[in-house]
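>>> Give me the fold of what follows.
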Amino acid sequence: FLLAGTRDGAVALWDIGGLARVGAAAWGVEGPQRRLQVGRRETCTVQWYPVDNGLFLTGSADGKAVLWDTNALQPVASLPHPGPVRAAFMHPGATGHGLIATACEDGRVRVCDPLTAACVTVLGEHRAAAQTVAWALGTDWVLASGDAEGEARLWDIRQPGALLSLDQQDVFSDALYFGDLEAGGLQEEAAAPLPPEYGDLPSRGGVQRRAHSRG
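From the prediction side, this is the model:
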C-alpha cells in the first residue's frame, strides 16, 4: 500500500500490489482506495508504523503530529506543536523506545512519546524553520535534522546540545564524540535533558567546539 499526504489536508491510501507484478506505471493506478481528512491545511509528512501497516503517522501544517489506526481511521495519539510540523519520523529499528522525532516550523526538534501524547524533550533550535528529521540506523539514540537555510545537525537525544552542526561556512562538533577539532571559538547550546526512563546509559554532556571548515 502507498500512503500519501495532500495539500488540502488529507491522507490517501492506494493499493499498489499489482504494480510489481505487471510493471504498470504508477499514474495509471485508479484510486485512492481510502481517503482521510486529517486537517484543514497541508499534510506535510506521512510514515507507516515500521513494524506493520496497522498504524501510520502524519504531520501537518495545522501544527499536529498524529498517530492513526489504519483500520479504524481514528487517531491513537495527537501531539500538538506551536507551528506546522514539517517532518515526523518513527525509528525503523529501535528496541529501546517507541519515540517520535519531529521537525517544526519554529526551528525546534522535538522527541515525543505517543504513549503519553507528550513531548519528552526539545533538542535545541535551528536558526531557520526545521524541515526534516531522521533517526540514525544502528543506534536508538541519534538523529539528524535539517532546516530551511541548509544547516544540518546531529543529536543524541540523551544529552543537551547538538553533536554536530554543518552549514556552508562552519562545523560545530562535540569534542567528546568527535575529538577536539581546531577551535575557532566556543558555542554552548541548552536543551531539556531526556527523562532518565528513556535511556539506560548515562548522559554524555560537554562543551561544543566550533571549527571553521576548509575549502
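>>> Kindly provide the distance from the closest residue to residue 131 other than its chain neighbours to residue 50.
Closest residue to residue 131 apart from its sequence neighbours, by C-beta to C-beta, 6 or more residues apart in numbering: residue 86 at 4.9 Å. Every residue, glycine included, has its C-beta placed from N, CA and C. Counting by C-beta to C-beta, to the nearest Å, the gap between residue 86 and residue 50 amounts to 20 Å.
>>> Comparing these two, which residue is more hemmed in?
Higher neighbour count among residue 86 and residue 50: residue 86, with 24 against 15, using other C-beta atoms under 10 Å.
>>> Which strands and helices lie in contact with the one helix or strand that one maps to?
Assigned by DSSP states H and E, residue 86 belongs to strand 85-90. The criterion is 3 or more C-beta pairs under 8 Å, 6 or more residues apart in numbering; DSSP states H and E, and the helices and strands that strand 85-90 contacts are strand 43-48, strand 55-60, strand 64-69, strand 100-104, strand 130-135.
>>> Parallel or antiparallel, which strands does the shortest one pair with?
The one in question is strand 100-104. Its sheet considered, strand 100-104 pairs with strand 85-90 (antiparallel), strand 108-113 (antiparallel) by DSSP bridges.
>>> quick one: that strand to strand 64-69, angle?
150 degrees (axes from the mean of the first three to the mean of the last three C-alpha atoms, to 10 degrees).
>>> residues touching residue 133, list them.
87, 88, 89, 101, 102, 103, 109, 143, 144, 145, 146 (C-beta atoms under 8 Å, 6 or more residues apart in numbering).
>>> what about the fourth one, neighbour count?
Close neighbours of residue 101, defined as other C-beta under 10 Å, add up to 23.
>>> right, and it touches residue 111 too?
Yes - here residue 101 lies in contact with residue 111, judged by C-beta atoms under 8 Å, at a distance of 5.6 Å.
>>> Now do the shared contacts for the two.
residue 157.
>>> Give me the mean pLDDT for stretch 120-136.
Mean per-residue pLDDT for stretch 120-136: 91.
>>> Okay, buried residues for that stretch please.
By 16 or more other C-beta atoms under 10 Å, the buried positions in stretch 120-136 come out as 120, 121, 122, 123, 124, 125, 126, 129, 130, 131, 133, 135.
>>> so the fourth one makes contact with residue 107?
No - with contact taken as C-beta under 8 Å, residue 123 and residue 107 are classed as non-touching, separated by 11.1 Å.
>>> nearest residue to residue 71 other than its sequence neighbours?
residue 54 (6.9 Å).
>>> residues contacting that neighbour?
If a contact means C-beta under 8 Å, 6+ apart, then residue 54 has 69, 70, 71 as its contacts.
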